[in-house]
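In: Generate a structure from the sequence data that follows.
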Amino acid sequence: MGKRAPEPLATSLQELVPHGDRDHFVYLWRRTLDGKNVAAGIHVEHLTALGDGDFEVTLSEDGGAIGHSRFRDDGTSLLLLSEDLGPQLRLSYDPPLPQLAVPLYRGQQRSTAVATVSRSSDQQSVETLPVTQVTEATVAPPVHAAIGEYAQAIEIHSVRTLEFPHGPFELDTTAVLVPGIGEIRSRGKATGAAVLYRELACATIGGKRIGNCRDLRERIQEWERARPADLP
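Out: This next block holds a predicted model:
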């Protein structure tokens, strides 16, 4: 008998990472540095459909917009077109960087691109630089979170390296995705920055409300008091 074909972890981009127009996600976040909490607050991601499979994610932190990312769903791949790097610079990728592809199987995917760095104020190009990205998908343990208990989850580990002239800049992210909801928690680290932890507090997906966003300030205070080692 021949080997059985591997079972995919997911077969739908929209199911794995919901991205409908006006979908809305609220996260608690906490940053740690050298094993100590340095800040905590609220992230809000709001999605806007742009047509032809493109959509924009606007990220706000504690009420103020801090960045925009543009993606494309081409039916089989979720592609990163551009993203803000801090308040003054924007990165545009050529070709767009694949973030997920369906059917999604366990294993690694390596991608390369050229990033054009431009000023956010006038879109003037500053430089171009090579980019390498390695993404690995695997099964995640069952999720126990404030928003709910989920037996099925997928872990996506992504390392994106930008080769600046003064040295590499690395974005290392591990996200746990729950089908039908998307990112439920994540851990991210950029070169020279604190570690960022996030957990979904509530969302509006396809007009349906999920979770509870009451008492967020009290929950932020609990995150601030907890030890970094206690984070999942």
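In: for the host helix or strand of residue 176, the distance to its chain's centre please.
Out: For residue 176, the host element (DSSP states H and E) is strand 167-178. Centroid separation for strand 167-178 versus its chain: 8 Å, with C-alpha atoms, centre = their mean, to the nearest Å.
In: count of neighbours near residue 146?
Out: 14 (other C-beta atoms under 10 Å). Just so you know, the C-beta spots here come from the backbone N, C-alpha and C atoms, and that holds for glycine as well.
In: so it makes contact with residue 219?
Out: Yes. Contact status for residue 146 versus residue 219: in contact at 7.4 Å, counting by C-beta atoms under 8 Å.
In: Between these two, which contacts overlap?
Out: residue 201 (C-beta atoms under 8 Å, 6 or more residues apart in numbering).
In: okay, and the helix or strand of this protein with the least pLDDT?
Out: Every helix and strand in the chain was compared by mean pLDDT, DSSP states H and E; the lowest is helix 216-225, with a mean of 79.
In: contact partners of that one?
Out: Contacts of helix 216-225 (C-beta under 8 Å, 6+ apart): 26, 28, 30, 37, 40, 41, 42, 146, 201.
In: Please name the spatially closest residue to residue 111 (chain neighbours excluded).
Out: Take residue 111 and drop its neighbours on the chain: the residue closest to it by C-beta to C-beta, 6 or more residues apart in numbering is residue 133, 4.7 Å away.
In: for this structure, which spans come out with low pLDDT?
Out: Residues of the chain that meet the criterion pLDDT under 70 lie in 1-2, 226-232.
In: Mind jotting down where the helices sit in it?
Out: Here the chain has its helices, by DSSP state H, at 13-16, 216-225.
In: which one of those lies closest to residue 100?
Out: In terms of C-beta to C-beta, the element of those nearest to residue 100 is helix 13-16, at 6.3 Å.
In: in the strand holding residue 176, what's buried?
Out: 169, 171, 173, 174, 175, 176, 177, 178 (16 or more other C-beta atoms under 10 Å).
In: could you say what helices and strands that strand packs with?
Out: If you count contacts as 3 or more C-beta pairs under 8 Å, 6 or more residues apart in numbering; DSSP states H and E, strand 167-178 packs onto strand 154-164, strand 182-190.
In: Show the contacting residues for residue 75.
Out: 13, 53.
In: give me that answer again for 7 Å
Out: Listed by C-beta atoms under 7 Å, 6 or more residues apart in numbering, residue 75 has no contact partners.
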